[in-house]
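Visitor: next one to model:
(one chain, ligands or ions: 1)
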Amino acid sequence: MIVRQLSKAKQSSRRIVSPDGNWESTRLLLKDDQMGFSFHITTIYKGADFHMHYQNHLESVYCMSGRGEVETLADGKKYPIEPGTIYILDQHDEHILRAFEEMSMACVFNPPLSGKEVHNSEGAYDLDAEKIED
Ligand SMILES: CC(=O)NCC[C@H](N)C(=O)O
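Guide: Sure, this is the predicted structure:
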């Protein structure tokens with residue numbers, strides 16, 4: 001069994017701060033753990049308004065606190081996000097995420113992230129990203 005603490009992980013290389021200033025993510029479970037998915041606790045900073053398109057991954061995002069919205073670009077639909085909302089990008093959906101307040105999210109990725117991924121120019125994560133050194 002593997003046991004980790006968020007407070008401890010936040011003080012390690014598991015915490016990634018996005019260079020675009022929109023979010024930070026502490027990656028509690030990664031590819032090397034061989035579970036077939038990765039699990040992250042992500043903070044989306046207040047006022048963030050940014051594009052993502054996970055062409056290489058499926059992602060589920062559960063809101064634990066804060067408020068915002070997600071817009072799917074294919075149809076222009078906007079979905080409110082509040083505590084208890086989960087959005088599931090089952091179609092590799094191109095989307096925009098907006099945080100009206102700071103939001104705390106639990107995120108699951110399949111395939112799992114290696115550790116150091118940040119968004120490329122298309123809003124995706126590359127499949128050959130560097131792994132973290134614990
Ligand atoms: C909700 C979302 O996709 N935020 C970007 C960060 C991502 N959750 C991650 O942990 O890499």
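Visitor: quick one: name the residues of the chain near the ligand.
Guide: Contact residues, the chain versus the ligand (CB under 6 Å from any ligand atom): 23, 25, 40, 42, 52, 59, 61, 97, 105, 107. All C-beta atoms are positioned from the backbone trio N, CA, C, and that covers glycine.
Visitor: contact partners for the residue most central in space within the chain?
Guide: Closest to where the C-alpha atoms of the chain average out (CA atoms, centre = their mean) is Cys107, at 5.2 Å. Residues in contact with Cys107 (CB atoms under 8 Å, 6 or more residues apart in numbering) are 25, 39-42, 59-62.
Visitor: mind redoing it with 6 Å?
Guide: Contacts here follow CB atoms under 6 Å, 6 or more residues apart in numbering; on that basis Cys107 touches 40, 42, 61.
Visitor: any chance of these in CSV, plus neighbour count?
Guide: Formatted as CSV, these follow (neighbours: other CB atoms under 10 Å):
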residue, neighbour count
His40, 24
Thr42, 18
Val61, 22
